[in-house]
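Everything below, folded, please.
(one chain, ligands or ions: 1)
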Amino acid sequence: MKIAVYPGSFDPVTVGHMNILTRAASLFDRVIVGVLSNVHKDLLFSETERLNMINCSISEFNNVQAEVFSGLTVDFCKKVGAKFIVRGTRQHTDVTYELQMAHVNKKLCEEIDTVFFPSNDANFCVSSSLIKELANFGADISELVPNKIVKRCIMEKFRRLKTGR
Ligand code: PNS
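Reported below is the predicted structural model:
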């Protein structure tokens, strides 16, 4: 069985992530979305919020599940029996960073390969940061997020940040 891990911060999940996930789910028998826990990174959403947003976006897949992990991605892969890491790439800056990570991961674990999916045209500029920037200024993010539930979580987060309630 070919199992892949799709690791990331998913702060929050985007339509770009969903496009990569859809393509990975058709290539691998099982894909586990690895949601990096809040260690080190300055993230807006808690790990539970990020996991929930993914869970409510993957119900249509029968071979995809999501889990929070901490530590090295390769250790998470070993834990779940995955031999592949899935990553999406957009601009060339992504490619440089992603190649570095792929090399590090290969050094850490020879048996695990990274598989890159170039973004499709529509999602070339979509990122979690862009969504947060737009949502913060009240712009419509409907086209950039997987569904209405995710949109509501994001808008609600910014509302609470602004009102303190
Ligand atoms: O969505 P992101 O923030 O670009 O994802 C980055 C992620 C989670 C894939 C990367 O930071 C990661 O793998 N972190 C776990 C620690 C690790 O394995 N580091 C070694 C590879 S550089």
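
Might you calculate how far stretch 137-155 sits from the centre of the chain?
Distance of stretch 137-155 from its chain centroid, counting by Cα atoms, centre = their mean, to the nearest Å, is 16 Å.

Which residues does that stretch contact?
For stretch 137-155, the external contacting residues (Cβ atoms under 8 Å, 6 or more residues apart in numbering) are 12-15, 17-18, 45, 49, 52-53, 56-57, 126, 130-132, 134-135. C-beta: built from backbone N, CA, C; applies to glycine.

tell me how far the ends of that stretch are from each other?
The straight-line separation of the ends of stretch 137-155 (Cα to Cα, to the nearest Å) is 10 Å.

What residues sit buried inside that stretch?
Ile141, Leu144, Val145, Pro146, Val150, Lys151, Cys153, Ile154 (16 or more other Cβ atoms under 10 Å).

Out of the residues you listed, name the ones that lie in strands.
Members of the buried residues of stretch 137-155 lying in strands (criterion: DSSP state E): none.

May I ask you to confirm that Val33 belongs to a helix?
No: under DSSP: H, G, I helix; E, B strand; the rest coil, Val33 falls outside any helix and is assigned strand.

Which helix or which strand is home to the nearest residue to it once chain neighbours are set aside?
Of all residues not flanking Val33 in the chain, Ala66 sits nearest, at 4.0 Å (Cβ to Cβ, 6 or more residues apart in numbering). Using DSSP states H and E, Ala66 sits in strand 64-69.

Give me the buried positions along that strand.
The neighbour-count check on strand 64-69 (16+ other Cβ under 10 Å) flags Val64, Ala66, Val68, Phe69 as buried.

among those residues, which are within reach of the ligand?
Checked against the ligand using Cβ under 6 Å from any ligand atom, these give no members in range.

For the ligand, state which of those is nearest.
The ligand has its nearest neighbour among the buried residues of strand 64-69 in Phe69, at 8.0 Å by Cβ to the nearest ligand atom.
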